[in-house]
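Peer 1: Need coordinates for the following:
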Amino acid sequence: METLGPGGFRSLSNSPSWPSGVADDHTPFEFSTAFGIDEPATVRVLVEPTAAEPGPAANMDAALDVLDSLARRHGLPMDRFDAVRDLFLPSDPQGDFSLWFSLVFSAARAPVIKVYLNPEVRGEAEAPLLVGEGLARLGYGAAHQTIIDHARRRGDGLDRYSFFALDLTESSGSRAKVYLSHQDATPDDVVVAASAAHDVDPEAVRDFCVLTGGRAEPFTDRPLISSYTFLPDDVDRPSGYSLYVPVRSYVNDDSEAHLRVLATLDQHGIDPTAFRSALDSVARRPLAEGVGLIAHVSLRIGAPRPGVTVYLSSEAHTTASPRVATLVS
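Peer 2: Prediction:
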């Protein structure tokens with residue numbers, strides 16, 4: 001509860017006091033489970049702390065208070081966050097959010113706390129400058145042009161920076177990540193984006209996109225999302241790439257999304273038992289009676305942990321009705 005900030009004490013039976021972008025119904029938290037071959041699943045909770053009287057600046061201050069508390073309690077290394085703090089946390093934040101957190105739990109590792117910063121916090125036009133400078137301060141400055149060449153090729157605002165994220169850990173696998181959204185993108189577009197990273201199989205990216213999204217044509221509803229993972233030894237290219245498909249926008253209901261997830265896990269040789277368990281723990285309705293419980297599905301390629309991740313909405317405030325079958329091809 002503490003990680004949700006003062007606004008987190010508001011009853012979920014009330015309507016949201018802040019339109020959080022974490023979930024479609026504005027619930028300020030989301031669950032996900034990451035799966036790999038022959039390794040235990042990893043559970044993550046993404047949260048947006050909010051103030052008692054929420055607003056852009058008040059929420060940023062509430063999130064910083066939460067982060068300070070977590071840092072003291074868990075001895076979090078804050079040097080990389082402090083290196084970019086002034087870029088992404090201005091006194092007059094713009095955009096949908098300033099600072100989100102994820103708490104990552106695994107039987108194989110100590111819990112990890114990750115922060116998500118908003119590249120458009122000073123406006124959309126400033127986002128490339130913030131991302132470029134943020135990467136430079138962390139030692140990845142040469143990689144920014146790689147991202148531009150592969151993931152911001154199309155112009156007209158179709159490819160936008162979504163998140164700048166950092167693991168708050170001392171481990172050798174501590175990551176910096178850059179996320180971009182690709183409006184109206186095709187599978188071919190994200191294959192090009194993926195090729196920025198080391199050792200990417202383009203056909204694996206294409207097949208995942210088509211299988212999970214159910215189409216080879218442009219994704220004209222919610223956008224596809226790319227993320228690039230930078231590890232300490234990276235210089236001008238990321239070690240890893242992930243593609244996120246907003247499956248909820250391209251199915252009629254969650255029973256259809258469920259089948260696509262099962263097909264994807266099977267394609268990648270992953271036992272579906274842990275996914276079924278995670279879904280059962282969150283679902284409070286028959287899957288055919290709504291859409292959006294299964295929100296995103298992502299493919300992780302390269303270091304540090306390849307696999308598939310499924311993102312689940314709590315639907316704490318609202319359940320979206322199923323679509324008419326003719327609306328989704």
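Peer 1: Outside of the longest helix along the chain itself, list whatever touches it.
Peer 2: Ranked by number of residues, the top helix in the chain under DSSP state H is helix 56-74. When contacts are defined by CB atoms under 8 Å, 6 or more residues apart in numbering, helix 56-74 is touched by residues 2-3, 5-7, 18, 48-51, 76, 78, 81, 89, 91-95, 97-101, 111, 113, 115, 168. C-beta here means a position set from N, CA and C on the backbone, and glycine is covered the same way.
Peer 1: among those, which are in helices?
Peer 2: Phe81.
Peer 1: Now the buried members of the contacts of helix 56-74.
Peer 2: Neighbour-count burial (16 or more other CB atoms under 10 Å) applied to the contacts of helix 56-74 gives 3, 5-7, 18, 48-51, 76, 81, 89, 93, 97-101, 113, 115, 168.
Peer 1: sorry, back to before: quick one: buried residues of the longest helix of the chain?
Peer 2: 56, 58-64, 66-67, 70.
Peer 1: ok now that helix, how far from the chain's centre?
Peer 2: The chain centroid and the centroid of helix 56-74 are separated by 20 Å, computed with CA atoms, centre = their mean, to the nearest Å.
Peer 1: Now that helix: average pLDDT?
Peer 2: Model confidence over helix 56-74, given as mean pLDDT, is 96.
Peer 1: Provide the strand pairings for the helix or strand bottoming out on mean pLDDT in the chain, with the direction of each partner.
Peer 2: Ranked by mean pLDDT, DSSP states H and E, the helix or strand of the chain with the weakest confidence is strand 109-117, at a mean of 91. Applying DSSP bridges to the sheet, strand 109-117 is found paired with strand 99-106 (antiparallel), strand 159-167 (antiparallel).
Peer 1: Which residue ranges of the protein form strands?
Peer 2: 29-36, 39-47, 99-106, 109-117, 159-167, 176-182, 224-230, 240-245, 294-302, 307-312 (DSSP state E).
Peer 1: now the first one against strand 99-106, angle please.
Peer 2: This points to strand 29-36. Put simply, strand 29-36 runs at 40 degrees to strand 99-106, going by axes from the mean of the first three to the mean of the last three CA atoms, to 10 degrees.
Peer 1: Against Ser298, how distant is Glu120?
Peer 2: Between Glu120 and Ser298 the computed distance is 21 Å (CB to CB, to the nearest Å).
Peer 1: and the two? which has more neighbours close in?
Peer 2: Neighbours were counted for Glu120 and for Ser298 using other CB atoms under 10 Å; Ser298 has more, 23 against 20.
Peer 1: still on that earlier bit, what's the angle from the longest helix of the chain to strand 99-106?
Peer 2: 30 degrees.
Peer 1: what are the bridge partners for Thr42, then?
Peer 2: Beta-bridge partners of Thr42, as defined by DSSP bridges: Ala34, Ser106.
Peer 1: Tell me the spacing between it and Asp271.
Peer 2: 15 Å.
Peer 1: which one of the two has more residues nearby?
Peer 2: Remark: of Thr42 and Asp271, Thr42 carries more neighbours, 21 against 13, as counted by other CB under 10 Å.
Peer 1: For Pro6, give me the pLDDT.
Peer 2: 88.
Peer 1: Around the residue nearest to it when sequence neighbours are not counted, count how many other residues there are.
Peer 2: With CB to CB, 6 or more residues apart in numbering as the criterion, Pro6 has its nearest non-adjacent residue at 4.1 Å, and that residue is Ala52. Ala52 has 13 neighbours, counted by other CB under 10 Å.
Peer 1: what comes into contact with the least confident helix or strand of the chain?
Peer 2: 46, 67, 70, 74, 76, 81, 84, 88-89, 97-105, 134, 163-169.
Peer 1: what's the answer for stretch 148-155, then?
Peer 2: Stretch 148-155 is contacted by residues 128, 159, 180, 182, 185, 189, 192-196, 226, 228 when judged by CB under 8 Å, 6+ apart.
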